[in-house]
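J.: sequence below, structure please.
(chains A and B)
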Amino acid sequence: EDKVVQSPLSLVVHEGDTVTLNCSYEVTNFRSLLWYKQEKKAPTFLFMLTSSGIEKKSGRLSSILDKKELFSILNITATQTGDSAIYLCAVDSYNNDMRFGAGTRLTVKP
Amino acid sequence: DGGITQSPKYLFRKEGQNVTLSCEQNLNHDAMYWYRQDPGQGLRLIYYSQIVNDFQKGDIAEGYSVSREKKESFPLTVTSAQKNPTAFYLCASANPGQRGYTFGSGTRLTVV
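T.: Modelled structure (predicted):
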């Protein structure tokens, strides 16, 4: 059965800390892996990763995919209180559906 | 501005009642999806539709029904057969090869 597993499920840090969120997957017909940030309602898109070893960066956020080991990490450096959110990992497949992990709830304290 | 609109934002239902959640998009997307989100369980796929007048069951379709009579609209009905309907429901849309899904703001359904 296809699955996406995120860890940790919850994380509390202080401003300025660096965090690493993990996502492992077992999905047939893999097409891409996506990271979303969900603050209150709708998840918003962060990254889409399709190739191994190529780091995607956006400001203090970066992500990388390892298709051999079937995992991805999302790094956030110099965290700010505005980074507090649920971070969702999702894997898109050629089966025409997207499977989500349970999410990591990140809390950044001042 | 293009987007995807879900309504209502909050919905209360008595046990035994059917309720319909609305999802409308003006992005000209072919595919639309319904997800359910419970605490600690991420998003689980209920139904999806790749084209008008066609839809497929997701992982947790029991107790739900959908229709796709128009490209822009993909309403979800939560029937009385759904034993634990209290949850946050998210609708999404996409085109093939698009970078990720576009999500609506969600509907929080509470059974009272």
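J.: partners of the lowest-mean-pLDDT helix or strand in chain A in the sheet?
T.: Among the helices and strands of chain A, strand A:98-100 carries the lowest confidence by mean pLDDT, DSSP states H and E, at a mean of 87. The pairing partners recorded for strand A:98-100 under DSSP bridges are strand A:85-93 (antiparallel).
J.: now do the partner strand: distance to the chain's middle.
T.: From the chain centre to the centre of strand A:85-93 is a distance of 6 Å (C-alpha atoms, centre = their mean, to the nearest Å).
J.: and it, average pLDDT?
T.: Computed over strand A:85-93, the mean pLDDT rounds to 93.
J.: again with stretch A:45-55
T.: When the per-residue pLDDT values of stretch A:45-55 are averaged, the result is 90.
J.: is it up against chain B anywhere?
T.: Yes - against chain B, stretch A:45-55 shows contacts by C-beta under 8 Å from any C-beta of the partner chain at A:45, A:48. (C-beta placed from N, C-alpha, C; glycine too.)
J.: over to stretch A:64-74?
T.: No - Stretch A:64-74 is not in contact with chain B by C-beta under 8 Å from any C-beta; minimum separation 14.1 Å.
J.: what's in contact with stretch B:56-65?
T.: A:96-97, B:33-34, B:36, B:44-50, B:76-79, B:81-83, B:85 (C-beta atoms under 8 Å, 6 or more residues apart in numbering or on different chains).
J.: now the closest residue to residue A:44 other than its chain neighbours: which helix or strand?
T.: Leaving aside its chain neighbours, residue A:44 sits nearest to residue A:37 (5.3 Å; criterion: C-beta to C-beta, 6 or more residues apart in numbering or on different chains). With secondary structure defined by DSSP states H and E, residue A:37 is part of strand A:30-38.
J.: identify the residues contacting the helix or strand just after that strand?
T.: Elements were assigned by DSSP H and E; along the chain past strand A:30-38, the next helix or strand is strand A:44-49. Counting contacts by C-beta under 8 Å, 6+ apart, the residues outside strand A:44-49 that touch it are A:32-38, A:56, A:58, A:61, A:63-65, A:72, A:74, A:87, B:99-101, B:103.
J.: circling back: buried set for the least confident helix or strand of chain A?
T.: By neighbour count on 16 or more other C-beta atoms under 10 Å in any protein chain shown, the buried set for strand A:98-100 is A:98, A:99, A:100.
J.: near chain A, which residues of chain B show up?
T.: Checking chain B against chain A by C-beta under 8 Å from any C-beta, the hits are B:31, B:33, B:35, B:40-45, B:48, B:50, B:56, B:58, B:90, B:99-101, B:103-106.
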